[in-house]
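Peer 1: One predicted model, sequence on top.
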Amino acid sequence: PPTGDPLAYVIHTSGSTGAAKGVLVGHRALATAATALVEAWRITPGDRMLSFAALTWDTSGEETYSSLLGGATLVIDRRATDGTVAGLLAAVADHAVTVVDLPTSFWYEVVEFLRLTGRPLPPSLRLVVIGGEEVAAGPVRTWCALVPDRVRLVNTYGQTETVLVTHQAELGGAAGRGLPDGMPVPIGRPLPHVRQLLVPTAPGSPIAELYVGGPSLSLGYQAQPEATAQRFGPVPGAGDERMFRTGDLVTTGPDGQLGYVGRVDRQLKVRGHRVEPEAVERALLGHPALVAAAAYGVDAAAGGRHLAAAVVPRAGATVTGPELTGWLRERLPGHLVPTRWSVRAALPLLPNGKVD
């Protein structure tokens, strides 16, 4: 490793948008990122942070290192990770947990549980952090209707290569109640230690690819110098500063917050049109009967690609492909409406909680 920043650990990317790669994280990057979280989340010795994420996922670092540096207690209870919302809430209540950090897909289950049961959150809870995937506006509005404003809801963004969290947005209270369907939910602004660069996808386009720099940048990929050079190279026009090309597309709102649009490597060509599956998923999650959705490409027998979607209805609700087709045609251009549908009880998840 480079002199002055010895290696702290190697952790692999999720592999959800490509083959998993070992990321080299230095001590300086880790200390910088963890200290920033203590400040952003206002962690104090009086806090009790739940250990929820598996140690193979870097979100566990958000829990562990912010607890250590903030003097908080890290609570380990197997009920919290038994896969049920009831188990999670029991652990939070019994240990007077004040902070939980959840993958967005599991947080959706928490929101649905609260809606169906009418149960309140344990009174000790003051902060709920979500991240790992794009969040939809509908569940945020439901959360804000059910949960007191005193409980902070923070949407976080970051990649394994940029170490822990680089951006965050406050979604609780009035901020969340006013979110419209079909528009990107904010991932927020960069934390103070982060430098961001937005490179438009085309001249005059409101969509840009996000580059991230600063002292929390990792050292690169283990034994992959070409991949490291490609993703961590100096950026022309930015003083040749070393920055990480995230591959994420964003827009900037009028308040300066970033909104996640999609992934460069998830883009599809359907009938000659460029399609970002996240835009389809965002629209589907505005349907009152749906709690989860995934859009993807399917090869057609005659060549080209079809747009397909898998959806999960709310408990007790039923939906059909023709119904959803008609609903989407009122809201999206024709090339963004899937032609193949599947209705499922749940979407398949990777071990870290992201949709597979």
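Peer 2: Yes, it's here.
Peer 1: Run through the stretch 151-300 of the chain and note the low-pLDDT ranges.
Peer 2: 271-272 (pLDDT under 70).
Peer 1: can you give me the helices for it?
Peer 2: Using DSSP state H, counting those that start in this stretch, the helices of the stretch 151-300 of the chain run over 174-177, 225-232, 277-284.
Peer 1: how about the first one: buried residues?
Peer 2: Burial within helix 174-177, assessed by neighbour count using 16 or more other Cβ atoms under 10 Å, is assigned to 175, 176. C-beta here means a position set from N, CA and C on the backbone, and glycine is covered the same way.
Peer 1: i'd like the first residue to be 5 from this point on
Peer 2: Fine by me, first position is 5 from now on; the one you just mentioned is helix 178-181.
Peer 1: coming back round to it: pick the most deeply packed of the helices of the stretch 155-304 of the chain.
Peer 2: Ranked by mean neighbour count, those are led by helix 281-288 with a mean of 22 (mean count of other Cβ atoms under 10 Å).
Peer 1: gap between that helix and the chain center?
Peer 2: 15 Å (Cα atoms, centre = their mean, to the nearest Å).
Peer 1: Residues touching that helix, excluding its own?
Peer 2: Here helix 281-288 makes contact (Cβ atoms under 8 Å, 6 or more residues apart in numbering) with 138, 140, 185-188, 264-267, 270, 272, 294, 297-301, 311, 313, 315, 328, 332, 335-336, 340-342.
Peer 1: ok, back up a step: need the helices of the stretch 155-304 of the chain in CSV (columns: distance to residue 352).
Peer 2: Supplementary listing: these in CSV, determined by distance: least, Cβ to Cβ, whole Å:
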stretch, distance to residue 352
helix 178-181, 28
helix 229-236, 27
helix 281-288, 15
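Peer 1: of all the ones you listed, which lies closest to residue 122?
Peer 2: helix 178-181 (19.1 Å; Cβ to Cβ).
Peer 1: Quick check: the gap between residue 108 and residue 83.
Peer 2: Taking Cβ to Cβ, to the nearest Å as the measure, residue 108 falls 21 Å from residue 83.
Peer 1: Name the residue in those two with the higher neighbour count.
Peer 2: For residue 108 versus residue 83, the count of surrounding residues by other Cβ atoms under 10 Å is larger for residue 108: 20 against 15.
Peer 1: who's in contact with the more buried one?
Peer 2: 134, 135, 136, 137, 138, 139.
Peer 1: In helices, which of those appear?
Peer 2: If you go by DSSP state H, those have nothing in helices.
Peer 1: got a winner among these for most neighbours?
Peer 2: residue 139 (29 neighbours).
Peer 1: My read is that that one contacts residue 189, right?
Peer 2: Yes. The pair residue 139 / residue 189 is scored as a contact, 5.0 Å apart, by Cβ atoms under 8 Å.
Peer 1: Next, show the common contact partners of those two.
Peer 2: 159, 175.
Peer 1: returning to that earlier point: just give me the closest of the contacts of residue 108 to residue 202.
Peer 2: residue 138 (17.8 Å).
Peer 1: tell me the contacts of the closest one?
Peer 2: 108, 188, 189, 264, 282, 285, 286.
Peer 1: Now the nearest residue to residue 290 once chain neighbours are set aside. Its backbone dihedrals?
Peer 2: Nearest in space to residue 290, with sequence neighbours left out and distances taken as Cβ to Cβ, 6 or more residues apart in numbering, is residue 185 at 3.2 Å. Main-chain dihedrals, residue 185, degrees, to the nearest 10: phi -70, psi 150.
Peer 1: Kindly report the same for residue 150.
Peer 2: Dihedral pair for residue 150: phi -100, psi -30, per degrees, to the nearest 10.
Peer 1: burial count for it?
Peer 2: Residue 150 - counted by other Cβ under 10 Å - has 14 other residues nearby.
Peer 1: distance of it from residue 87?
Peer 2: 22 Å.
Peer 1: re the thing from before, put together a markdown table for the contacts of residue 138, with distance to residue 25 on each row.
Peer 2: Below are these laid out as a markdown table (distance: Cβ to Cβ, whole Å):
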| residue | distance to residue 25 |
| --- | --- |
| 108 | 23 |
| 188 | 27 |
| 189 | 28 |
| 264 | 22 |
| 282 | 22 |
| 285 | 25 |
| 286 | 28 |
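Peer 1: Just the ones of the contacts of residue 108 in strands?
Peer 2: Cross-referencing these against strands under DSSP state E gives 134, 135.
Peer 1: what's the burial count for the closest residue to residue 309 other than its chain neighbours?
Peer 2: Nearest non-adjacent residue to residue 309, counting by Cβ to Cβ, 6+ apart: residue 301, 4.5 Å away. Look at residue 301: counted by other Cβ under 10 Å, it has 17 neighbours.
Peer 1: beta partners of residue 301?
Peer 2: residue 311 (DSSP bridges).
Peer 1: List the contacts of it.
Peer 2: 272, 274, 279, 281, 309, 310, 311, 312.
Peer 1: you'd agree the last one is up against residue 345?
Peer 2: This means residue 312. Yes. Using Cβ under 8 Å, residue 312 makes contact with residue 345 at a distance of 7.2 Å.
Peer 1: all strands for the stretch 105-254 of the chain, in order.
Peer 2: 131-135, 156-161, 171-174, 190-194, 199-204, 212-217, 224-225, 248-256 (DSSP state E, counting those that start in this stretch).
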